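Student: model this:
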Amino acid sequence: MLLLMCGLAMMALGSGWAQSSVLPDAPGESKKESGDRGRPAPDKARGGAPGWALRARDWEAGWITGEYVDRNQKLVALTGEQRADIYLRQTLTTPGAYAKRMFGALVDQARGVPPEWQGGWGGYGERFTSREGQFITANTLAALGNAKLGYEVRYDKCKCDGFWPRTRHAIARNFVTYDRSEEHRRPQWALYGGAFGGGVVATAWKPRSQNALTNAGWAVLGQAGYGALLNFVTEFAREINRKQGVK
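Tutor: Take a look at the predicted model:
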């Protein structure tokens, strides 16, 4: 319940906590150094829209897209400090890190899984805390593994054109990443190892009916599906922006 209340508090204060991020290729985006996302000035209106509306849009976008490198930027190896910053934003210090688990817990609550956890706030608190604990464990293991291996943790937009080539790139990048050279691709050992480990660890607080290997297997499958979807949304964010009316 403490984690639940912290998550609610962070949602309420999100406009002050969340990074000011935009979907790729959004108008008014100012490009920074190679390997970093462009970020807009938080207090200036862009495209004629009110500043507060754009800040709200940027805040919402930050919940969806992960860390990425635009197609016109070159991948540059991350420093240890940059890795730590990305880990904290993805895991602890932004509202999206909690909101996604809160939504997942609502789905579990509606499905009544696991059945040993009852309904009401008590059951929802257990489901949210379980998901949050598994998420933090998986992200921590993945971050440590990627740092040790020197693997890239950001998504790079495809330097290609066409729906299917870009879609293939988005899906493939969920299973492979770049090594320290930022040129050679390697399997996502740390990402899926973290998902597997998070699933195993989570059985420590889940009902006894939960099997460690089964739970870990579902966690790996979840990463495969959710990670591919996230990459797809990031890859086609410009088109999504246009559908939202951004000219």
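
Student: show me where pLDDT drops low in this structure?
Tutor: 1-66, 246-247 (pLDDT under 70).

Student: the strands in it, which residues?
Tutor: With strands called from DSSP state E, the chain shows them at 68-69, 155-156, 176-178, 185-187.

Student: looking at those, which is buried most?
Tutor: strand 155-156 (a mean of 22; mean count of other C-beta atoms under 10 Å). Every C-beta, even on glycine, is put in place using the N, C-alpha and C of the backbone.

Student: return the list of helices and strands in contact with that strand.
Tutor: strand 68-69, helix 212-235 (3 or more C-beta pairs under 8 Å, 6 or more residues apart in numbering; DSSP states H and E).

Student: make a markdown table from those and add distance to Pro95 to it.
Tutor: Below are the helices and strands packed on strand 155-156 laid out as a markdown table (distance: least, C-beta to C-beta, whole Å):
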| stretch | distance to Pro95 |
| --- | --- |
| strand 68-69 | 19 |
| helix 212-235 | 17 |
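
Student: list the buried residues of the longest helix belonging to the chain.
Tutor: The longest helix of the chain (DSSP state H) is helix 120-149. Judged by neighbour count (16 or more other C-beta atoms under 10 Å), helix 120-149 contains these buried residues: 123-143, 145-147.

Student: what's the answer for stretch 112-122, then?
Tutor: Trp117.

Student: got the end-to-end distance for that stretch?
Tutor: One end of stretch 112-122 sits 13 Å from the other (C-alpha to C-alpha, to the nearest Å).

Student: what about it, distance to the chain center?
Tutor: Offset of stretch 112-122 from its chain centre (C-alpha atoms, centre = their mean, to the nearest Å): 26 Å.

Student: so Glu67 makes contact with Tyr155?
Tutor: Yes - assessed by C-beta atoms under 8 Å, Glu67 is found in contact with Tyr155 at 6.9 Å.

Student: about what we covered before: including distance to Gly245, could the strands of the chain go into JSON lines?
Tutor: Formatted as JSON lines, the strands of the chain follow (distance: least, C-beta to C-beta, whole Å):
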{"stretch": "strand 68-69", "distance to Gly245": "22"}
{"stretch": "strand 155-156", "distance to Gly245": "25"}
{"stretch": "strand 176-178", "distance to Gly245": "34"}
{"stretch": "strand 185-187", "distance to Gly245": "37"}
